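[1] quick check, what structure comes out for this input:
(2 chains)
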Amino acid sequence: MSEVQLMKGNEAIAEAAIRAGCQGYFGYPITPQSEILEYLTDEGRKRGMVVLQAESEVASINMVYGASGAGARVMTSSSSPGISLMQEGISYIACAELPCLIVNINRGGPGLGTIQPSQGDYFQSTKGGGHGDYRLIVLAPASVQEMADFVYDAFDLADKYRNPVMILADGALGQMMEKVEFKKYNPADHIPPKPWATVGKTRDRERNFLTSLHIQPEKMEQINLALQEKYRTITRNETRSESIETDDADYILVGYGLAARIAHRAVEIAREKGIRVGLLRPITLWPFPYGRVQELATKAKGILVIEMNAGQMVEDVRLGVEGRVPVKFYGRMGGIIPSPDEVVHALESMIHQPVEANVEEY
Amino acid sequence: METALAHTDIEMMDCVYEKPDTLTDQRFHYCPGCGHGVAHRVLMEVIDELGIQEQTIGVAPVGCSVFAYHYMNVDMQEAAHGRASAVATGIKRMHPDKYVYTYQGDGDLAAIGTAETIHTANRGENILVVFINNAIYGMTGGQMAPTTLLGMKTSTSPAGRTIETAGFPIKITEMVAMLPGVYYVARTSVHTPNAVRQLKKALTKAFQYQKQGKGTCFVEVVSNCPSGWKMTPLQANKWMEENMFPVFPPGEIKVPKN
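    Sure, this is the predicted structure:
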């Protein structure tokens, strides 16, 4: 089972989904993630998966709702504009507590934007996105290997908490080829029974119905309280991050996904120059690793957040830092990927011209 | 609050009709004279008589019948507004051996959900779509619907619907019937015993065709809305016959060629 392959990130997600026992995929073509739909149409169907190209992302996410509600392990994927179209359905899925995987291969926005990679959907992914108080578990892979590995985790977390899980990557991670190894995974050992699913009311039980409508405010408040309790449990149990060379670090870079890869290289270059710098890479963007940020902020002189957007995750970093040290931001937008040298330059300017206030730099 | 009726003793020996097990004990919230209650009962009677309660999954819409799952004693999912047929597609694709139906009003099916309605039918999804057309948004208080008749007054067409501002009442049932993936299309009503019998026949056929894997079956029920139309139930039914039927004529619209 452990053969090493060279694959695109999108293909790795698709292959992992088949191996994770995904039974249904509903999607609509959009660059830069169409390979997921194409791979599953071919390979997924051959291996017994239901794969349907829907008429829109609106239809896709509602098909996911129906299929998940009927007890199946299911997913969809899209890129930014398509994910925007899905937000209504995602809100319903979150409230009806249906497990599913939603993959967003983030491209540059706003609007139709560009097909080039971006991290401009951080707010949308981690702060709700649709209407009402709900959360997605958001996993941010930084390599093709993680594109595969996080698929298994995403499905398992979705089933464990009856909650939609998003894999948030960007167009570069979706398109780039790297080696990937698929782990041994037997879906039967992971997929729990789903007694709540609508599969036909048998004589021995009451009917199952799945809804997000609770018109009595007292009841709707209880539903919300239960959701918030679940989100607190997820926060306690599932917050994940990676720390690289942070033990002796005077300065901390914070980045996720592709930006973390770039920041990691910047750490290497800066250390060669004698700057003691480390990297914090949030892996779960929700729940966000505020605690880890707080720990590092007590030891560091300054924090530099690197994102491929106008500064979104930096707000969460500042919430964790709580003003203890300056937090500076460096980002590129519109599908431009920052280089490691740019990041080192931003770090050096931060060191040599310490900022009093929070400053964004592009 | 219990009504006097609830305490009326009915001698079982006089009982000539019972509600089927496929309806729950929940009392309908529908307005007096509304067609939803009868349409629910007929649909559930058919499921009961065909003995397919355990194999049936329903999808409720947004609109007056948003609480259909409180009354229909089968497994059900509540869909977002207009998305019932996409939700039904998801269910049916994962469980092709089960019976799946949607129950939708005109605003849900023929305005906000038009794309889902047309494409589900065009794929020939092997499901039943039950379409309640009363030419008005009842749940939100009587606004103009896609099927509102020309000249008909609603809260958003107070001087009557005009072609200039709102176009024509959409004949989505005829549109759906044109699609090759659609196997059977009928239009009935529920305001007379004969109409109820026609509906029952149509729904029975539709489930039988679904069992045979024939494709999408689409049954429209031309109905009333005494509250939204601001009429008594009797006036509403008369108005429906005189005004709705010329635009939405009852009958079988697409039947299998044998």
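
[2] tell me which parts of chain B are close to chain A?
    Residues of chain B lying near chain A by C-beta under 8 Å from any C-beta of the partner chain: B:24, B:53-57, B:59-60, B:66-67, B:69, B:72-80, B:83, B:86-91, B:93-95, B:98, B:115-116, B:119. C-beta coordinates here come from the backbone N, C-alpha and C atoms, glycine included.

[3] could you check which residue of chain A lies nearest chain B?
    A:Gly66 (2.8 Å; C-beta to the nearest C-beta).

[4] and that residue, what helix or strand is that in?
    Secondary structure here is read from DSSP states H and E; on that basis A:Gly66 sits in helix A:57-69.

[5] same question for B:Ile47.
    helix B:36-50.

[6] low-confidence ranges in chain A?
    Applying pLDDT under 70 to chain A flags residues A:1-2, A:354-360.

[7] how about the helices in it?
    For chain A, applying DSSP state H gives helices covering A:9-19, A:34-39, A:45-46, A:57-69, A:80-96, A:122-126, A:144-161, A:171-175, A:187-190, A:217-238, A:257-272, A:290-299, A:313-321, A:340-352.

[8] buried set for stretch B:187-195?
    B:187-191, B:195 (16 or more other C-beta atoms under 10 Å in any protein chain shown).

[9] what residue in chain B comes nearest to chain A?
    Chain A sits closest to B:Gly90 of chain B, with a gap of 2.8 Å, by C-beta to the nearest C-beta.

[10] show the contacting residues for that residue.
    By C-beta atoms under 8 Å, 6 or more residues apart in numbering or on different chains, the contact set of B:Gly90 is A:24, A:26, A:62-70, A:74.

[11] about what we covered before: how distant is the helix holding A:Gly66 from the center of its chain?
    Averaging C-alpha positions (C-alpha atoms, centre = their mean, to the nearest Å) puts helix A:57-69 19 Å from its chain's average.

[12] and stretch B:209-229, by the same measure?
    That offset, for stretch B:209-229, works out to 5 Å (C-alpha atoms, centre = their mean).

[13] ditto for stretch B:170-180
    Here the centre of stretch B:170-180 is set off from its chain's centre by 16 Å, with C-alpha atoms, centre = their mean.

[14] before we move on, what about stretch A:173-181?
    Stretch A:173-181 sits 17 Å away from the centroid of its parent chain (C-alpha atoms, centre = their mean).

[15] one more: stretch B:54-63?
    That offset, for stretch B:54-63, works out to 11 Å (C-alpha atoms, centre = their mean).

[16] next, the buried residues of it.
    So, applying 16+ other C-beta under 10 Å, buried residues of stretch B:54-63: B:55-63.

[17] for the stretch 101-250 of chain A, what lies in contact range of chain B?
    A:198-203, A:207-213.

[18] among those, which pair sits farthest apart?
    A:Arg203 and A:Ser212 (27.9 Å; C-beta to C-beta).

[19] so for those two, which residue has more residues nearby?
    Taking neighbours as other C-beta atoms under 10 Å in any protein chain shown, A:Arg203 and A:Ser212 compare with A:Ser212 leading, 20 against 7.

[20] the more buried one touches B:Ala79, doesn't it?
    No: here A:Ser212 lies out of contact with B:Ala79, judged by C-beta atoms under 8 Å, at a distance of 9.9 Å.

[21] tell me which residues touch B:Arg93, please.
    A:24, A:50, A:52, A:63, A:67.

[22] which of those residues ranks first by neighbour count?
    Greatest neighbour count in the contacts of B:Arg93, by other C-beta under 10 Å, goes to A:Met63: 33 neighbours.

[23] isn't that residue right next to B:Ala86, touching?
    Yes: if you go by C-beta under 8 Å, A:Met63 and B:Ala86 touch, sitting 5.2 Å apart.
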